[in-house]
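**Student:** Let me see the structure of the following:
(chains A and B)
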Amino acid sequence: MTRLGTLARRAARSSVLATFTTPYSVGRWLELLNPLWSDEDRARVVNVEPESADVVTVTLRPAPGWPGHEAGQHTVLRGEVDGRRIARAFTLAGSEHDRDTVTLTCKAYEGAVLVPWLRDQLRPGDVVGLDHPTGDVRLPSPRPAHLVCVVGGSGITPAMAMLRTLRDERHTGRITFVQFARTRTAALFTSELAAAELAMPGLRVHTVTTREDDGPLSGRRLDVGLLDELAPGWRDATSLVCGPVRMLEAAEALWAGAGARERLLIERFRPPSIVVPPDGERGAITFAGSGTTVADDGRSLLEQAEAAGLSPASGCRMGICHTCDRPKLAGLTRDVRDGALDAGERSRIQPCVSVAVGDVELDL
Amino acid sequence: MSTLPAAPDEATAPSAARHPAYAHLSDTQIVAIGEELDALRARIFAQRGEQDARYIRRVLRLQQVLEVAGRIGIVLFFVHWTAWVLGILLLAGAKVLDNMELGHNIMHGQYDFMNDPRFDSSSYEWDHASASEQWRHTHNVLHHTYTNVLGVDRDIGYGLLRVTSEQFHRPKHWFQPLNVAVLALGFEWAIAIHDLEMNRLLSGRRAFDEKVQDMARVAARKAGRQALKDFVVFPLLFFPVLVPVLLGNLVANLLRNVWTWAVIFCGHFPGEVQMFDEEVVDGESRAEWYLRQMLGSANITGSRTFDLWTGNLNHQVEHHLFPDMPSMRLRDAAVEVRDLCERYDLQYNTGRFSRQLGNVVGRLLKFSLPNPLIQRLGMQL
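**Tutor:** Have a look, this model is predicted:
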């Protein structure tokens, strides 16, 4: 079956065979037989496990041709909510030695659409889109003698991938694992971490609570004192820090101050944040493709792009021909015809009939 | 692009020049019509979602199943000739669905909201001789923005036919019945070279410069790949029945051409459809643009099944008002548009397929003659 699947995936993308299916891919036909035999990268849902009110762990079996991942890398998961495809990046939280299944632990941000859908609508057997892994944050090889992981919130996932990988390797080196959480109950993977601590002689797990007074570590911040206390020798260790922006900024300063910046791995998560400015206030428009930023003057995004000296494709200039459509990378836009707001990430907008509401970044 | 008149702008005040077909309307009424149609559009667009996505996916699956069945039927010629005939019909049907309900509508951006590359207007290619990028230019930009504006909308007669008394009568128009047959049978190839503006290239009004050469290359590559598939690789794959497969594929393509030609001509050239002069585009308000779309298109009445096989282009009036409205919603929009036309005493062009087609054919025959001759024969211009 795997052999057949691998062959099917190769055929799905074959340009020679596409002579028979032009202008479409062979995969567009093969997916009639099996939705995984597509030219798109997909996966079948094996299990959906809610972890907490806003966190869900999804286990997937990727289509044949999945290259496997390295601990620390991420992927893009695509689901369809009310007829609209929504994509979001998630860290691959499983061990890199588990090459058949993919485990994603997904946290819902405020206003998020995809994660609640994953938790409430997704069932084992369903098929979702799953891109091949990317990302430069990886567990180094050979494995470091001392690994320090400092994580906050859902930033724990790349560290879990590394820990699970090392556990599978029966790694005996030192690992210092520091998790920041609002409260004890908000801490993630506590039982798995406790079990790992018993199984792995070099592993020490610490939980720092920020909103609860329940022990010596509560209320502590990420600083030299904490690191010296929990992870002596951290300056010479390989370190991974992943969490909220403020934690990352603090970590960069700390490690740079210690002359150890090059041994620090940082994973940046950028939760989608939409800031609606007060009435009448205008933001800045960034045309990412050309690196141009202009102060919004209220005209359509197309007119402002042209005024900035760019020459984007355009046609009817009244919103019917879709020649000027571009993906919006960030921000909020309004359709001048019906006032509809678009807050989507990477959603396609019509620049000739769209105006910016606050800061907007357009792929143009 | 520099030869185009200014695009319609967002001005709300109607311009001074007024087409006789809506000369009875006051400025306030015109503004009100615009607002009513904007509101209709907003109301229907707010409903877009899973229903539309499920529908277009089902159409795609049906199209794929028909195509597979059709190609198998054609090959089964060696079993019985009826399989071959059935196969041709199924393959033609698959191509009709591909070109109209899928290709045409997807490339209008009707399903862009799905954010799915399979249904994305900017990257879609269709099972049709024309390159989608060039079709989108002549169709979405020129034809839909400047609908029925003489001299700009090149879909008026496709540079070959005379469909209104305002077009000059040239010698080629004496052969119009023959030209119509050639255009209908070769419709996909005519569209494939439409953006090249062959008549202007041949008469020297358009230079065969680098840009046009690039376009010609793109057009030739697309048409070539299509021809390779239907007329070379599939016949060769089933070598023992090479000739029946080649013939079957050709007939299926021709059937699709004639059907799409008929639907499209019924949408724009029945007798009561209005033509407009270039001046109307200058300073045209959105409401006037709506009026031009309504008066410059015609519907064909029919069932839900007919909707599917015409790609909902039987609701041509509504499609022209709202080109990126998902096609399955046009039937609902039509009820309200028709009501609006009645309230404002505007012509709502609609009729049975046989009536619309007869009307179109009559018009094409009539305008094969020069204007003085038409009048001398006692016909209206």
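**Student:** show me where pLDDT drops low in chain B?
**Tutor:** For chain B, applying pLDDT under 70 flags the ranges B:1-17.
**Student:** Next one, pLDDT for the closest residue to residue A:67 other than its chain neighbours please.
**Tutor:** Among residues not flanking residue A:67 along the chain, residue A:132 sits closest, at 5.7 Å (CB to CB, 6 or more residues apart in numbering or on different chains). C-beta here means a position set from N, CA and C on the backbone, and glycine is covered the same way. Residue-level confidence at residue A:132 comes out at 94, pLDDT.
**Student:** Surely residue A:132 is in contact with residue A:68?
**Tutor:** No. Counting by CB atoms under 8 Å, residue A:132 sits too far from residue A:68 to count as a contact (9.4 Å).
**Student:** Surely residue B:48 touches residue B:113?
**Tutor:** Yes. Contact status for residue B:48 versus residue B:113: in contact at 5.4 Å, counting by CB under 8 Å.
**Student:** any idea how far the closest residue to residue A:26 other than its chain neighbours lies from residue B:132?
**Tutor:** Distances taken as CB to CB, 6+ apart place residue A:17 nearest to residue A:26, at 4.8 Å, with adjacent residues excluded. Distance from residue A:17 to residue B:132, counting by CB to CB, to the nearest Å: 21 Å.
**Student:** So for these two, which sits in the more crowded spot?
**Tutor:** Per other CB atoms under 10 Å in any protein chain shown, whichever of residue A:17 and residue B:132 has more neighbours is residue B:132, with 20 against 16.
**Student:** Show the backbone phi and psi for that one.
**Tutor:** phi -60, psi -40 (degrees, to the nearest 10).
**Student:** One more: residue A:121?
**Tutor:** phi -110, psi -30.
**Student:** ok, now which ones touch it?
**Tutor:** By CB atoms under 8 Å, 6 or more residues apart in numbering or on different chains, the residues touching residue A:121 are residue A:81.
**Student:** so what's it scoring on pLDDT?
**Tutor:** 94.
**Student:** still on that earlier bit, how about the residue nearest to residue A:26, phi and psi?
**Tutor:** Dihedral angles for residue A:17 - degrees, to the nearest 10 - are phi -60, psi -30.
**Student:** For it, give its distance to chain B.
**Tutor:** Counting by CB to the nearest CB, to the nearest Å, the gap from residue A:17 to chain B is 10 Å.
**Student:** pretty sure that residue is in contact with residue A:24, am I right?
**Tutor:** No. In this structure, residue A:17 is not within contact of residue A:24 by CB under 8 Å, at 11.2 Å.
**Student:** coming back round to it: which ones are touching the residue nearest to residue A:67?
**Tutor:** A:41, A:66, A:67, A:75.
**Student:** Nearest the geometric middle of the chain, what residue?
**Tutor:** All of this refers to chain A. By CA atoms, centre = their mean, chain A has its centre lying nearest to residue A:89, at 2.6 Å.
**Student:** Not quite, go with chain B.
**Tutor:** Short answer for chain B (CA atoms, centre = their mean): residue B:264, at 4.6 Å.
**Student:** Could you measure from the residue lying closest to residue B:287 once chain neighbours are set aside over to residue B:288?
**Tutor:** Distance criterion CB to CB, 6+ apart; nearest residue to residue B:287, sequence neighbours excluded, is residue B:34 at 2.7 Å. Taking CB to CB as the measure, residue B:34 falls 8 Å from residue B:288.
**Student:** again with residue A:104
**Tutor:** Taken as CB to CB, the span from residue A:104 to residue B:288 is 53 Å.
**Student:** now swap in residue B:165 and tell me
**Tutor:** Relative to residue B:288, and taking CB to CB, residue B:165 is found at 23 Å.
**Student:** okay, the two: which has more neighbours?
**Tutor:** residue B:288 (27 against 15).
**Student:** Show the pLDDT at the residue nearest to residue A:26.
**Tutor:** 96.
**Student:** and if you look at the one 10 residues further on?
**Tutor:** Residue A:27 carries a pLDDT score of 96 in this model.
**Student:** do the same with residue A:213
**Tutor:** 75.
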